[in-house]
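S.K.: Got a predicted model here, sequence first, then my questions.
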Amino acid sequence: MSFWEYANPRKFMAVSDKALPWLFTSAGLALAIGLIWGFFFTPDDFRQGSTVKIIYLHVPSAMMAINTWAMMLVASLIWIVRRHHVSALAARAAAPVGVTFTIIALATGAIWGQPMWGTWWAWDPRLTAFLILFLFYLGYIALWQAIEDPDTAADLTSVLCLVGTVFAVISRYALIFWNQGLHQGASLSLDKEENISDVFYFPLLFAIAGFVLLFIALVFYRTRTEIRLRRLHAIGLKERMT
Amino acid sequence: MPDLGQYAVEVLSAYAVSLGSLVALIGFSIWRGKRVKRALEDAEARIRNG
Amino acid sequence: MIALLSRDLRIAIRAGGGFGLALAFFLIVTALVPFGVGPDTAVLTRIAPGILWVGALLACLLSLDRIFALDFEDGTLDLLATAPIPLEAVVSVKALAHWITTGLPLTLAAPVLGVLLNLAPGGYLWLFISLAVGTPALSIIGAFGAALTVGLKRGGLLLSLLVLPLYVPTLIFGAEVVRRGAEGLSTATPLALLAGITAGTVALLPFAAAAVLRVNLR
């Protein structure tokens, strides 16, 4: 069964209809296991105290904030090259999910940073990069909303996603350049994956899996809504013409 | 509730904000999805009968 | 192409909107800052590079939506799209016209405004150089944003939301050039990176902008 068969809206609706209950259930399960395990059954970090528990939210949300944009990029490319409507609509559906992940990453980052760094916000390259990513998401969503014709909107937003990605990558390096001179040597890494001990690592894996599954479930569900909306739009056009 | 020590407020608010945002996103997506589905069913019924 | 350029320049200067407005805005923003942060000259000297760059950047934003809007509304853009010159060249020429009427005057005016903010003596030359190198990037990035929003009635705010995040790398490196120059340090690295961004955007964004214009002209 070729992957491209799902580009057919009807096929996508059929498959997603069957997959959704599994996706939501497994997402809920993984999240529950990860968060409950992490929150209740892991020790405190000797340096960070109980704030280390924030890691189970901060790391997965930050990862998914970026991965959502990556998925939007791929979906945009598929639209540009093969003009599969499901792809364009999936990108549109994913954006608010990405915004939410970004907000969670920013908020948990700030809340974690306050006791650790003594300030609510730090212009650390990583946090700042997420702030810029947040702005990219807002612009992308705003552009979709501003354009009436769905195909035009799909075209414009996919180019924006492409150009935005290039600038996001450039900005990442620009931000490191921008801040390295100020905090030289301060190892304020919130997610020190290098030395994370197993006792934190496994609940974190579940939390990450939960976020990934939730992302897939939400994008499937929201894409179904977008497909229905598109059909509604087409019916409305036809009614107005007759 | 484990002993969160001096960071109780931070940890709890982090969880509250995150879980709250996820619930809001899921809830809004479902509400919108149901609304659109109903509107589409109405429109398709209109076409079939009209 | 030259004809297109001179025509756009004439329109920009004649219509009165774009030309003086950007300079006036730059002046106003620069003058507002001391009211906001206090007249302490030590503070102003430290933030002057950033404020001047942000002011220039915001002033550039003002006339962006006019790059394509007038021609879009009266159908000229359709003609240009089907003309012998490639649409990418049209985009580049229009961005160039925007730079000549906005970026260039801002670059020339900036050292004067630097005096208002007590910019350190070493910074003036680098302010001029960094803006000269960086403002073309602002114009072409702005042109891309203008192409995206050309069909919209009140696209100005959306245009800003789309374009400002794209300005961040140029702003970071541009302000850093001035800062280092003001402190007497070597400006080579940020200047090279700034030039790299300008070169890359000037070379590649016209293609993206032309593709977007074609979509909007359908």
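M.R.: Arrived safely. Numbers count the residues shown, from 1 in each chain, chains lettered A, B, ... in the order given.

S.K.: what's near enough to touch the nearest residue to C:Thr41 once chain neighbours are set aside?
M.R.: Nearest non-adjacent residue to C:Thr41, counting by C-beta to C-beta, 6 or more residues apart in numbering or on different chains: C:Asn118, 4.6 Å away. Just so you know, the C-beta spots here come from the backbone N, C-alpha and C atoms, and that holds for glycine as well. Going by C-beta atoms under 8 Å, 6 or more residues apart in numbering or on different chains, C:Asn118 touches C:Thr41, C:Leu44, C:Thr45, C:Ala48.

S.K.: Show me what whichever strand or helix holds the last one is packed up against.
M.R.: Translated: C:Ala48. Per DSSP states H and E: C:Ala48 is located in helix C:41-62. Judged by 3 or more C-beta pairs under 8 Å, 6 or more residues apart in numbering or on different chains; DSSP states H and E, the packing partners of helix C:41-62 are helix C:18-37, helix C:104-116, helix C:123-149, helix C:156-183.

S.K.: looking at the ones you listed, which one has the lowest mean pLDDT?
M.R.: Across the helices and strands packed on helix C:41-62, helix C:18-37 has the smallest mean pLDDT, namely a mean of 89.

S.K.: re the thing from before, report the buried members of the contacts of C:Asn118.
M.R.: C:Leu44, C:Ala48 (16 or more other C-beta atoms under 10 Å in any protein chain shown).

S.K.: Could you export the contacts of C:Asn118 as CSV, including pLDDT and distance to A:Ala75?
M.R.: Listed next are the contacts of C:Asn118 as CSV, based on pLDDT from 0 to 100; distance: C-beta to C-beta, whole Å:
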residue, pLDDT, distance to A:Ala75
C:Thr41, 91, 53
C:Leu44, 93, 47
C:Thr45, 93, 48
C:Ala48, 95, 44
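
S.K.: about what we covered before: export the helix holding C:Ala48 to CSV, keeping only CA atoms.
M.R.: Extracted as CSV, the C-alpha positions of helix C:41-62 are listed here (Å, rounded to 0.1, in the frame of the first residue of the first chain):
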residue,chain,number,x,y,z
THR,C,41,24.3,59.4,28.7
ALA,C,42,26.1,56.3,29.9
VAL,C,43,23.0,54.2,29.4
LEU,C,44,22.3,55.8,26.0
THR,C,45,25.8,55.2,24.8
ARG,C,46,25.5,51.5,25.6
ILE,C,47,22.1,51.0,23.9
ALA,C,48,22.7,53.4,21.0
PRO,C,49,23.8,50.7,18.4
GLY,C,50,20.7,48.6,19.1
ILE,C,51,18.3,51.5,19.1
LEU,C,52,19.6,52.9,15.9
TRP,C,53,19.4,49.6,14.2
VAL,C,54,15.9,48.9,15.5
GLY,C,55,14.7,52.3,14.5
ALA,C,56,16.1,51.9,11.0
LEU,C,57,14.5,48.5,10.7
LEU,C,58,11.1,49.8,11.8
ALA,C,59,11.3,52.7,9.5
CYS,C,60,12.0,50.3,6.6
LEU,C,61,8.7,48.5,7.5
LEU,C,62,6.6,51.6,6.8
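
S.K.: That helix to helix C:104-116, inter-axis angle?
M.R.: Angle of helix C:41-62 versus helix C:104-116, following axes from the mean of the first three to the mean of the last three C-alpha atoms, to 10 degrees, is 160 degrees.

S.K.: Between the helices and strands packed on helix C:41-62, which one is closest to A:Ala207.
M.R.: Distance to A:Ala207, taken as C-beta to C-beta, is lowest for helix C:156-183 among the helices and strands packed on helix C:41-62, at 29.2 Å.

S.K.: Buried residues, stretch A:83-98. List them.
M.R.: Neighbour-count burial for stretch A:83-98 flags A:84-98 (criterion: 16+ other C-beta under 10 Å).

S.K.: Return the member of these nearest to chain C.
M.R.: Nearest to chain C among the buried residues of stretch A:83-98: A:Ala88, at 12.8 Å, using C-beta to the nearest C-beta.

S.K.: Is the closest one in contact with A:Ala154, as I believe?
M.R.: Yes: contact criterion C-beta atoms under 8 Å: A:Ala88 and A:Ala154 qualify, at 3.8 Å.

S.K.: what's the overlap in contacts for the two?
M.R.: A:Trp79.

S.K.: quick check, A:Ala65 in a helix?
M.R.: Yes: using DSSP: H, G, I helix; E, B strand; the rest coil, the assignment for A:Ala65 is a helix.
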